[in-house]
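[1] give me a model of this one.
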Amino acid sequence: MSHHVFRRAGVLAATVAATGLLGAGIASAHVTANVYGTQPAKGGYGTIFFRVPNEDAKLGTIKVEVDVKPDYGIGNIRTKPIPGWTAEVTKSKLPRPVTTASGTKVTEAVTKIVWTAQPGTKIGLTEFQEFEISGGPLPSNVDQLEFPAIQTYEGGKVVDWNQPTPPSGEEPEHPAPTIKLAAAESSEHGGHAQTTAAGENTEAAASSADNTARWLGGAGLVVGALGLGVGAGAVLRSRRPAAGKTEGTK
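    Got it, this is the predicted structure:
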């Protein structure tokens, strides 16, 4: 096969890959809720970040609002500082208390989080920003959390991301950011005990390996010393006959 054929095949593959990436970028150009690492569990605490891309070719994003449903009864949420942005967490009195997995009754919960860009700051064209929150306890009676969001551009343009995804799974035009919750953890103490035991086993194995290495190192020194002794004895024995022969000749 000629080099021209290989070259054409490479160009075709690169074109297909670029087209796929471009399509994925266009399809995912909306506000989403995401998780790094362990998935938040029902009734526990978790960290979630909202990825906000800029979709306008001329206007930058200057404000992001995220609604937290009162029914979730999330009593505590903290935001991660972002240079050039201010964050405000709003808590509201609930019409009726929400009971958490631990039995605590929550009467006041977080209902909104707003990030506002300071003068000179914005999410520009081909850019995105991630807004991170951490809090809980998360509800234990739902399988996922839905966070309707509002994206505000320069000049007052507003885009709502609040459409629920139907059971069919077909994504709407402006889907609300969602996060699936993992099953509730049985016991944190049990997990801690398992971690401790694993740590002890690892430490014991490391100690055993260290002792073995020291023993082998000591044995190597002994063998080396014996080798030096044997070598020195051989040298002395080889010199004695030579010395005797010299004296006889004289």
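
[2] contacts only, for residue 113.
    Neighbouring residues of residue 113 by C-beta atoms under 8 Å, 6 or more residues apart in numbering: 65-66, 68, 77, 79, 87-90, 131, 133. The way it works is simple: take the backbone N, C-alpha and C, and place the C-beta from them, glycine included.

[3] repeat that for 10 Å
    50, 64-68, 77-79, 87-90, 131, 133, 135, 147, 149 (C-beta atoms under 10 Å, 6 or more residues apart in numbering).

[4] what about residue 84, neighbour count?
    Using other C-beta atoms under 10 Å, residue 84 has 11 other residues around it.

[5] now it: how far from residue 104?
    With distances taken as C-beta to C-beta, to the nearest Å, residue 84 is found 37 Å from residue 104.

[6] just residue 185 next, same as before
    From residue 185 to residue 104 the distance is 17 Å (C-beta to C-beta).

[7] ok, residue 144 next?
    22 Å.

[8] and residue 61, by the same measure?
    Applying C-beta to C-beta, the value for residue 61 to residue 104 is 37 Å.

[9] between those two, which is the more surrounded one?
    Per other C-beta under 10 Å, whichever of residue 61 and residue 104 has more neighbours is residue 61, with 25 against 12.

[10] nearest residue to residue 124 in space, please, no chain neighbours.
    residue 60 (4.9 Å; C-beta to C-beta, 6 or more residues apart in numbering).

[11] okay but the one you found is in contact with residue 54, surely?
    Yes: counting by C-beta atoms under 10 Å, residue 60 touches residue 54, with 6.2 Å between them.

[12] those two: which is more packed in?
    residue 54 (19 against 16).

[13] quick one: that one and residue 123 touch, right?
    Yes: shown here, residue 54 and residue 123 form a contact pair, counting by C-beta under 10 Å, at 4.5 Å.

[14] shared neighbours of those two, which are they?
    Listed as contacting both residue 54 and residue 123 by C-beta under 10 Å, 6+ apart are 60-61, 129, 151, 153.

[15] for residue 75, what are its contacts?
    Counting by C-beta under 10 Å, 6+ apart, residue 75 has contacts 91, 94, 98, 100, 104, 106-110, 135-137.

[16] show the buried residues in those residues.
    Among the contacts of residue 75, those classed as buried by 16 or more other C-beta atoms under 10 Å are 94, 98, 100, 106, 109-110, 135-137.

[17] can I get those residues in JSON lines with distance to residue 38, pLDDT and secondary structure?
    Output for the buried ones among the contacts of residue 75, formatted as JSON lines (distance: C-beta to C-beta, whole Å; pLDDT from 0 to 100; DSSP: H, G, I helix; E, B strand; the rest coil):
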{"residue": "94", "distance to residue 38": "28", "pLDDT": "95", "secondary structure": "strand"}
{"residue": "98", "distance to residue 38": "24", "pLDDT": "92", "secondary structure": "strand"}
{"residue": "100", "distance to residue 38": "20", "pLDDT": "87", "secondary structure": "coil"}
{"residue": "106", "distance to residue 38": "24", "pLDDT": "93", "secondary structure": "strand"}
{"residue": "109", "distance to residue 38": "23", "pLDDT": "97", "secondary structure": "strand"}
{"residue": "110", "distance to residue 38": "21", "pLDDT": "98", "secondary structure": "strand"}
{"residue": "135", "distance to residue 38": "15", "pLDDT": "96", "secondary structure": "strand"}
{"residue": "136", "distance to residue 38": "13", "pLDDT": "95", "secondary structure": "strand"}
{"residue": "137", "distance to residue 38": "16", "pLDDT": "95", "secondary structure": "coil"}
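
[18] let me see the ranges of the helices in the protein.
    Applying DSSP state H to the chain gives helices spanning 3-27, 188-249.

[19] by mean pLDDT, show me the worst of the ones you listed.
    Lowest mean pLDDT of those: helix 3-27, a mean of 41.

[20] just to revisit the earlier point, which one of the contacts of residue 75 is nearest to residue 157?
    residue 110 (26.8 Å; C-beta to C-beta).
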